[in-house]
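Novice: compute the structure for the input listed below.
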Amino acid sequence: MTQAFLKCGRFRLPVQQGRRPLVMGILNVTPDSFSDGGRHNSLEFALSHAEQMIADGVDIIDIGGESTRPGIAPLSLEQELERVMPVIYALRDCGKPLSLDTYKPAVMREALLAEVDMINDINGFRADGAIDAVKDSEAGLCVMHMQGEPQTMQQEPQYGDVVAEVEGFLRRQVGLMSSAGVARERICIDPGFGFGKTVAHNLALLKNTRRLIRELGLPLLAGMSRKSMVGAVTGKPLDKRMAGSIGAALAAAQQGAMIIRVHDVAETVDALNMWQAGREENQ
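Specialist: From the prediction side, this is the model:
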């Protein structure tokens, strides 16, 4: 059984099964994001976008300063800090939990000093010093699975059993974090859709989301918004994947995911509210 709340810095977020999933809105502050082309790559535009997401009903704001699209070169520590820290400071009192999408322990430490509420690590806290950087904080921690690294992850990814291997990785990392003293109520998991997976791998993980939740006993975050798996299923280019992304969000919610990471906040909130209302009518 998964926990009822996720301890997330200054917030306790409800994640018990039966509730409408929380919506995490993506705030990219990078000129080379795969989906929004850097439209929010200035402090003014980033804050304006964050304000719109809050008005649209967002539950968590996920700030990212480094693109992780396939084939991208890594960003320097200094560049990432220059991008994300002004946004974190400016939004610290916005009334919503702030998540930082980073895999660098030094960036994690700086963000935690600025009272960021959650660290969302695509590398699953595998980097040297990553667990040490976060273990003594109160921040929520999202442990994601990625095969390989962004530069090479989509070059013929292979698994014997993708669901079992992702589950095993997440179990190991959560175990390491627990051994370091991190409370389970601070942890959620992410199977890493699109990170070192083919379309078939992604769909297998989506269909087995409930199994991952049941076996690991932790809330699960699903991030499929506008990704290539949506394009493969719908046949739509990047700028026409909103409907497919909402469909993916609803499929993940039906499988028990309690946090849905999206670009299109207003539309996803509406869809999930309608989905939840329909579920309640049939209970």
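Novice: switch to C-alpha atoms for all contacts and neighbour counts from now on
Specialist: OK.
Novice: would you indicate which residues of the helix or strand bottoming out on mean pLDDT in the chain are buried?
Specialist: Each helix and strand of the chain was given a mean pLDDT (mean pLDDT, DSSP states H and E); the minimum falls on helix 265-281 at a mean of 92. By neighbour count on 16 or more other C-alpha atoms under 10 Å, the buried set for helix 265-281 is 265-269, 271-272, 276.
Novice: same check, this time on stretch 65-83
Specialist: Neighbour-count burial for stretch 65-83 [16+ other C-alpha under 10 Å]: 65-70, 72, 80-81, 83.
Novice: by contact count, what packs against the least confident helix or strand of the chain?
Specialist: strand 22-28, helix 242-254 (3 or more C-alpha pairs under 8 Å, 6 or more residues apart in numbering; DSSP states H and E).
Novice: next SSE downstream of the last one?
Specialist: Pointing back at helix 242-254 there. strand 259-262 (DSSP states H and E).
Novice: how distant is that next one from the center of its chain?
Specialist: 6 Å (C-alpha atoms, centre = their mean, to the nearest Å).
Novice: got the buried residues of helix 265-281 as JSON lines, with distance to Pro157 columns?
Specialist: Shown next, in JSON lines, are those (distance: C-alpha to C-alpha, whole Å):
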{"residue": "Val265", "distance to Pro157": "30"}
{"residue": "Ala266", "distance to Pro157": "34"}
{"residue": "Glu267", "distance to Pro157": "32"}
{"residue": "Thr268", "distance to Pro157": "30"}
{"residue": "Val269", "distance to Pro157": "33"}
{"residue": "Ala271", "distance to Pro157": "32"}
{"residue": "Leu272", "distance to Pro157": "32"}
{"residue": "Gln276", "distance to Pro157": "35"}
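Novice: okay, now the unreliable bits of the stretch 51-200 of the chain?
Specialist: Residue ranges of the stretch 51-200 of the chain with pLDDT under 70: 70-71, 150-155.
Novice: rerun at 90
Specialist: Applying pLDDT under 90 to the stretch 51-200 of the chain flags residues 67-75, 148-158.
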